[in-house]
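Colleague: Here is a sequence together with a model predicted from it:
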Amino acid sequence: MDNQKERVKCLIIGSGPAGYTAAIYASRAGLKPVMYQGLQPGGQLTITNDVENYPGYPAGINGPQMMEDFRQQAARFGADIRYGIATSVDFSGKPHKVTIDEQKEIEADTVIIATGASAKWLGLESEARLNGSGVSACAVCDGFFYRGQEVAIVGAGDTACEEAHYLSNLCSKVYMIVRREEMRASIIMQNRVKHTPNIEILWNSVTDEILGEHGVEGVRLKNTVTGETREIAVKGFFVAIGHEPNSKIFQPYLQHDESGYLKTIPGTSKTNVDGVFACGDVQDNVYRQAVTAAGTGCMAALDAERYLASLEDY
């Protein structure tokens, strides 16, 4: 069992812009980071076709290639990047203990959590099939591709309203699909979409099917009161029913909000446990962009480096 244990200075859990950036900075600082990439190496960007809003890529780049660039840069500086999933943790004492794939135990002086968040989906076959070909969970990321066209967005919270309003500045028409006769969103956000001329709210409506073979061509809606169906022609379909942070195994030890997002001390990546840091979408329920995730990954590595330095000084 001894060969199933390992001691490291810096353990990074999860990949994506936050994790890979943390690995770049931690490697350059001589922390010899070990990264376990998680269930989806590269994170949500690996299901994003075109990224046009990340600085430094003037012609744009597809998400998987961008994440491969990040991975190679981290590896170039010596980051030990591995396949594997963190299945449990013990942050009750020092060193911190993390179990990988329910088998191998890593003891780490510092832990950087970059496990991200997963978009909630409707669960339709057509939604999965057309994901990246007209179906998106991020209006800010992908709305630009549908400028001047008609799109639909499903959701009834503040985020859905915010994204519908964002799309209304780009698209000729935005259909907002709302399950009930009312929204969960705050009154100010509701009023904003209700008073935007090119947003049409479709009350008491659920998505029956997303139409199209190789790209989104329309959506079939079902009225929750009458049971009647209707079809509308759209080129883009946005899902805004929330995100779920991948934080469950950390919650017994780390402070988190009611949705499960890990709490960090404002202006830092520090959690309530010394030596444990969180970055990227697992602690950011506001911006959720690749560039902000990368920024917090940098912060986490610098915070980890300073934490280790303070231990040596002590």
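Modeller: Received the coordinates, thanks. Numbers count the residues shown, from 1 in each chain.
Colleague: what residues are up against the residue sitting nearest the centre point of the chain?
Modeller: Centroid-nearest residue in the chain: A117, 4.1 Å away (criterion: Cα atoms, centre = their mean). For A117, the contacting residues are 44, 243-246, 261, 281-282, 285, 288, by Cβ atoms under 8 Å, 6 or more residues apart in numbering. C-betas here are computed from N, CA, C, even on glycine.
Colleague: And those residues, which is closest to P64?
Modeller: Closest approach to P64 among those (Cβ to Cβ): Q44, at 11.2 Å.
Colleague: Please name the nearest non-neighbouring residue to the closest one.
Modeller: G116 (6.4 Å; Cβ to Cβ, 6 or more residues apart in numbering).
Colleague: Return a PyMOL selection command for the buried portion of the contacts of A117.
Modeller: Entered in PyMOL, the line below selects the buried ones among the contacts of A117, by 16 or more other Cβ atoms under 10 Å:
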select buried, resi 44+243+245+246+261+281+282+285+288
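Colleague: Can you flag which of the contacts of A117 belong to strands?
Modeller: 243-245 (DSSP state E).
Colleague: Tell me where the stretch 101-250 of the chain has helices.
Modeller: In the stretch 101-250 of the chain, the segments counted as helices under DSSP state H, counting those that start in this stretch are 125-129, 139-142, 158-168, 187-194.
Colleague: Quick check: the residue nearest to Q44 touching D281?
Modeller: Yes - here G116 reaches D281: they are 4.5 Å apart, a contact under Cβ atoms under 8 Å.
Colleague: Give me the common contacts of those two.
Modeller: Joint contacts of G116 and D281 (Cβ under 8 Å, 6+ apart) are 16, 18, 43-44, 245, 293.
Colleague: Tell me which residues are up against stretch 19-26.
Modeller: Under Cβ under 8 Å, 6+ apart, the answer for stretch 19-26 is 10, 12-13, 33, 35, 37, 43, 67, 70-71, 73-74, 77, 79, 81, 112, 114, 279-280, 293-295, 297-298, 300-302, 304-305.
Colleague: can I see the domain layout of this structure?
Modeller: Annotated domains of the chain cover 6-118+243-313, 121-239 [the TED database].
Colleague: Just name the most buried of those.
Modeller: Ranked by mean neighbour count, these are led by domain 6-118+243-313 with a mean of 20 (mean count of other Cβ atoms under 10 Å).
Colleague: Check the separation of the first and last residues in that one.
Modeller: 25 Å (Cα to Cα, to the nearest Å).
Colleague: Mean pLDDT for the domains of the chain - can I get that in JSON lines?
Modeller: Formatted as JSON lines, the domains of the chain follow (pLDDT from 0 to 100):
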{"stretch": "domain 6-118+243-313", "mean pLDDT": "94"}
{"stretch": "domain 121-239", "mean pLDDT": "96"}
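Colleague: elements contacting the longest helix seen in the chain?
Modeller: Criterion DSSP state H: the longest helix present in the chain is helix 290-313. Packed against helix 290-313 by the contact rule (3 or more Cβ pairs under 8 Å, 6 or more residues apart in numbering; DSSP states H and E) you find strand 5-13, helix 16-28, strand 104-113, strand 276-278.
Colleague: Name the residues that touch the shortest one?
Modeller: Contacts made with strand 276-278 from outside it, assessed by Cβ under 8 Å, 6+ apart, are listed as 91, 96, 110-114, 253-254, 262, 264, 269-271, 300, 303-304.
Colleague: Now render the contacts of A117 as CSV, adding distance to R184.
Modeller: Listed next are those as CSV, based on distance: Cβ to Cβ, whole Å:
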residue, distance to R184
Q44, 24
H243, 15
E244, 16
P245, 19
N246, 23
Y261, 18
D281, 21
V282, 23
N285, 15
R288, 19
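Colleague: Run through the bridge partners of the residue nearest to the centre of the chain.
Modeller: Going by DSSP bridges, A117 is paired in beta bridges with P245.
Colleague: Kindly provide the distance from it to P245.
Modeller: Separation of A117 from P245 (Cβ to Cβ, to the nearest Å): 4 Å.
Colleague: tell me, what's touching the two both at once?
Modeller: 261, 281-282, 285.
Colleague: From these, pick the one nearest K173.
Modeller: N285 (28.7 Å).
Colleague: Can you name the residues that contact that closest one?
Modeller: Contacts for N285 were tallied using Cβ under 8 Å, 6+ apart; they are 117, 243, 245, 257, 259, 261.
Colleague: One more: N204?
Modeller: 178-181, 223-225.
Colleague: With distance to I61 added, can I get these in JSON lines?
Modeller: As requested, those are exported to JSON lines (distance: Cβ to Cβ, whole Å):
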{"residue": "V178", "distance to I61": "35"}
{"residue": "R179", "distance to I61": "36"}
{"residue": "R180", "distance to I61": "40"}
{"residue": "E181", "distance to I61": "43"}
{"residue": "N223", "distance to I61": "41"}
{"residue": "T224", "distance to I61": "41"}
{"residue": "V225", "distance to I61": "45"}
